[in-house]
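> After the sequence you'll find the predicted model.
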Amino acid sequence: MVDHDPHGKYLGKDAETLSTFKGRIDSILRMLEDSQASQTSLDHRTIAKSAYGKDFHSAEVLHSVYETVHTRLKELSRVFGDQIEAAGLAALVADRGYDGVDAEQEARMRAIQERTERHFREAQKHSGGHGNDKGAGSKDGKKAGY
């Protein structure tokens, strides 16, 4: 049996491996943006309330459910795209170190982190508080810095 170092002794992070990984991440992100699941595509897929009928309670309920699902799909698309982009940025940080990341990339990572945190907090608020995670990165709830 091989002992594994929890600090990544067997984790390869040479530039070629990380560049390949980053390229795959970028490719997945482009595929998402070109697909029917892209944020832009989902934004245009709306159905007017009148399409379900007029003065018909079940039609109003159906429209409300459709709007809820549509909103959640748009959210999922955005969050998924953000996470793919964050993985690519993390690969750059692993390759270059924190000093090798420019201000724009750092700002993108912070923006993604803030949106993800907001999304998590909103979801928690609407789920009755299940999953009492105190925050990202530590046992005491303090945020991990970049």
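Good, I have the coordinates. Numbering: from 1, shown residues only.

> From the centre of this structure, give me the residue that's furthest out.
residue 55 (39.0 Å; C-alpha atoms, centre = their mean).

> residues touching residue 41, list them.
Residues counted as contacts of residue 41 (C-beta atoms under 8 Å, 6 or more residues apart in numbering) are residue 35. Heads up, the C-betas are built off the backbone N, CA and C, glycines and all.

> what's the spacing between it and residue 34?
Per C-beta to C-beta, to the nearest Å, residue 41 is found 9 Å from residue 34.

> Surely residue 78 touches residue 37?
No: Residue 78 is beyond contact range of residue 37, at 10.7 Å (criterion: C-beta atoms under 8 Å).

> Packing partners of the lengthiest helix in the chain?
Determined from DSSP state H, the single longest helix within the chain is helix 57-96. Helix 57-96 is packed against helix 15-34, helix 39-43, helix 103-126, with contacts defined by 3 or more C-beta pairs under 8 Å, 6 or more residues apart in numbering; DSSP states H and E.

> The closest residue to residue 22 other than its chain neighbours: neighbouring residues, count only.
Closest residue to residue 22 apart from its sequence neighbours, by C-beta to C-beta, 6 or more residues apart in numbering: residue 91 at 4.6 Å. The tally of other residues near residue 91 (other C-beta atoms under 10 Å) stands at 20.

> Check residue 91 and give its pLDDT.
The model reports residue 91 with a pLDDT of 84.

> What's the local residue count around the residue nearest to residue 108 when sequence neighbours are not counted?
Counting by C-beta to C-beta, 6+ apart, residue 108 lies nearest to residue 89, which is 6.3 Å off, once chain neighbours are set aside. Each residue near residue 89 was counted by other C-beta under 10 Å, and the total is 19.
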